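Visitor: sequence plus predicted model, see below.
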Amino acid sequence: MSVSTCPVATVHAPAERVWHLLSQPCNYDLWWDAKTLSIKPEGPARPGQQVQAQTVGLGRRWPIGIRVEMVDESKRQIRFTT
């Protein structure tokens with residue numbers, strides 16, 4: 001199954017600030033309802049990077065796995081597979 005979301009939210013902030021939050025997986029805990037467990041390899045988002053996280057809902061812990069598929073800094077776009 002494939003789900004495409006664009007945009008998820010509209011924010012009124014400078015694009016550079018938003019890009020910094022999205023392009024640095026170590027910042028994901030600042031804006032998503034999950035706890036980041038690992039980022040391999042560490043550093044800025046890049047194709048092939050894996051992010052493991054966990055969220056809680058309905059009284060359970062849910063694993064989240066993300067793979068960065070594409071990063072286009074000039075367009076400020078990141079494609080993930082979760």
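Guide: The structure has been received and is ready for your questions. Nothing here was measured: the structure is a model prediction, and the numbers come from that model.
Visitor: give the residue spans of this protein that score low on pLDDT.
Guide: For the chain, the stretches with pLDDT under 70 are 1-8.
Visitor: could I get the full set of strands for it?
Guide: Listed in chain order, the strands of the chain (DSSP state E) span 35-40, 50-57, 60-72, 77-81.
Visitor: could you dump these to a markdown table with mean neighbour count and distance to His12?
Guide: (C-beta placed from N, C-alpha, C; glycine too.) Listed next are the strands of the chain as a markdown table, based on neighbours: other C-beta atoms under 10 Å; distance: least, C-beta to C-beta, whole Å:
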| stretch | mean neighbour count | distance to His12 |
| --- | --- | --- |
| strand 35-40 | 14 | 26 |
| strand 50-57 | 14 | 26 |
| strand 60-72 | 13 | 23 |
| strand 77-81 | 13 | 20 |
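Visitor: adding distance to Tyr28, write those strands out as CSV.
Guide: Shown next, in CSV, are those (distance: least, C-beta to C-beta, whole Å):
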stretch, distance to Tyr28
strand 35-40, 5
strand 50-57, 7
strand 60-72, 9
strand 77-81, 11
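Visitor: who wins for proximity to Arg17 among these?
Guide: Proximity to Arg17, assessed across the strands of the chain by C-beta to C-beta, is greatest for strand 77-81 (15.4 Å).
Visitor: between that closest one and strand 60-72, how many degrees?
Guide: Comparing the axes of strand 77-81 and strand 60-72 via axes from the mean of the first three to the mean of the last three C-alpha atoms, to 10 degrees yields an angle of 140 degrees.
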